[in-house]
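Participant: give me a model of this one.
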Amino acid sequence: MRVTPRGFDTEFDPAQVFDDPTEMDLRPGADNCYKCSTCDTSCPVAEVDDDFPGPKFQGPEQWRLKKGDDRDIDPSITDCSNCMRCDNVCPSSVPLSQMHNTARGEYVEGQAPSLWSAEDALADGEFREALSYLRGVPSELSIEFVRNRVLSNYGTMAGLGSEVPRLTNLVMGSRVTKWVNDRFFGITAERDFPEFATQTFREWWRERGGPKVESADKRVAYFHGDYSNYNTPEVAKAMVRVYEFFGYEVRVPTQRCSGTPMFANGMLRDARRAAAVNISNLSDFVDRGYDVIASCTSCSMALGQEYPELFDIEGTQEVSTHTYEALEYLRIHEDLEDELRDADVEFPDLAYHAPCHARNQGLDRQAVELFGELDSLEVEDVGDSCSGISGTYGWKTEKYDTSMQIGEEMFEHMHDATGETGLTECPTCAMQMGHGTGYEIRHPLEVVEAALVDQ
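Facilitator: Next up, the predicted model:
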């Protein structure tokens, strides 16, 4: 068993709870829960929503019921934000978040069984069988299901929108579009839709001709994720330039979404399809001596932790073992602190928020520790509260108020901090930070780039 620098185990023997273990594996541990309720007291949703039963019920208690009789998954599983804080605090290492993921998956399977069956038949080339299933789909689909699937598959919609970014930004930013989305699709009008970049990261990568450094022993495969590709390519570019500064050969494999928004919405079949593509492509690079680097902590967590917990796809373990968050990897393999110590960087003072998914990997204070070496700027940790947005959670009309209540403590701490520029590794946390404070939000890789590369 290998324990990664994040502090979680990457090998285990999954317990077979479902009839098809390839779809619904679950780590052992439900019976390890002794109802101390530590998870409930740490849950940001339970703190602001008295009707939410909490992680203990959603996890081990619900699975005990499932194993005991044929009870349905409780609908409140959709109120879990997938922040995964419960995993961090459980003294018995109960796999709470993966119980929640698998429960959401089963719940969503029951919402539209004909649709999933039709998609499976189409994938197998059974077109007549697929047609027979499709007849039952319209009566099963709800606006909520369709919305959640669209939000889960952001990369598909972003790929279309980025073809005409200026037009997409104009349309999605209009009051009419926001009203329609809120009124008819349950996507809150309170938030500004993130703008698409006029040039995606992958377009920039092709235009520059790929890697500028070749190395036989310093090689990384970059998993940039959808958001850095379509919305914030400056983060992905910073990652490439910083790694090339340290002499790394950077490759950018073909990839799909990491699956994190799919896990959160119970779309496990979509997540499995995306994971199969990612594992196949990334494992090819791992076999050739590359490590996998992600600039988003939710992406590194998905590849490193959630894939091996949920899927048995060949190559999953190898990819998991070789996956790291970008700054984490440099701190392990380079003397990054020493490089930054004498740097004089022109950058505003920063209010840093550690994403929940960074905490799950033991990375919650790395930016504060790292940039504490810089005399030319101040970085202040704004506390351990959850931002509240949790990916797609805070974009849903019925979840928006809960999301903002959870984030209120973070907003207050940011306003009290010296800096008026936010800092975080998570793109959706960045959305919430900017939304709640009006601050500009930057990524730690941009600070490193400014300190070392732009000199």
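
Participant: would you mind measuring from L336 to F185?
Facilitator: L336 is 44 Å from F185, where distance means CB to CB, to the nearest Å. Backbone N, C-alpha and C define where each C-beta goes, glycine included.

Participant: out of those two, name the residue with the larger neighbour count.
Facilitator: Each of L336 and F185 has its neighbours counted (other CB atoms under 10 Å); L336 has more, 20 against 15.

Participant: which stretches of the stretch 251-400 of the chain form helices?
Facilitator: Along the stretch 251-400 of the chain, counting by DSSP state H, counting those that start in this stretch, helices occupy 260-264, 268-287, 297-301, 307-310, 316-321, 326-333, 336-341, 356-359, 366-371, 400-416.

Participant: now do the following helix or strand past the last one, average pLDDT.
Facilitator: So the one you mean is helix 400-416. Downstream of helix 400-416, the next assigned helix or strand under DSSP states H and E is strand 421-423. The average pLDDT for strand 421-423 rounds to 97.

Participant: ok, now stretch 396-411?
Facilitator: The average pLDDT for stretch 396-411 rounds to 97.

Participant: show me how far it is from its chain's centre.
Facilitator: Distance of stretch 396-411 from the chain centroid (CA atoms, centre = their mean, to the nearest Å) equals 18 Å.

Participant: burial measure for A236, as a count.
Facilitator: Using other CB under 10 Å, A236 has 25 other residues around it.

Participant: if I look at it, how far off is E373?
Facilitator: Separation of A236 from E373 (CB to CB): 25 Å.

Participant: over to E325?
Facilitator: 19 Å.

Participant: on that earlier part again, deepest in the core, which of the helices of the stretch 251-400 of the chain is it.
Facilitator: Most buried of these by mean neighbour count (mean count of other CB atoms under 10 Å) is helix 297-301; its value is a mean of 29.

Participant: tell me the helix or strand right after the host helix or strand of W63.
Facilitator: Assigned by DSSP H and E, W63 falls within helix 62-68. Sequence order places helix 85-89 as the next helix or strand after helix 62-68, per DSSP H and E.

Participant: residues in contact with that next one?
Facilitator: 38-39, 42-44, 55, 59, 95-97, 356, 359-360, 386 (CB atoms under 8 Å, 6 or more residues apart in numbering).

Participant: by neighbour count, which of those residues wins?
Facilitator: P55 (32 neighbours).

Participant: show the pLDDT at that one.
Facilitator: With respect to pLDDT, P55 scores 93.

Participant: what of K66?
Facilitator: You'll see K66 listed with a pLDDT of 66.

Participant: just D364 next, same as before
Facilitator: So, for D364, pLDDT stands at 89.

Participant: from now on call the first residue 525
Facilitator: Yes, from this point I'll number from 525; that puts the last item at D888.

Participant: how about residues contacting stretch 969-979?
Facilitator: Everything outside stretch 969-979 that qualifies as a contact, by CB under 8 Å, 6+ apart, is 758-759, 762-763, 765-766, 769, 819, 850-851, 854, 860, 863-864, 867-871, 874, 891, 895, 898, 901, 947.
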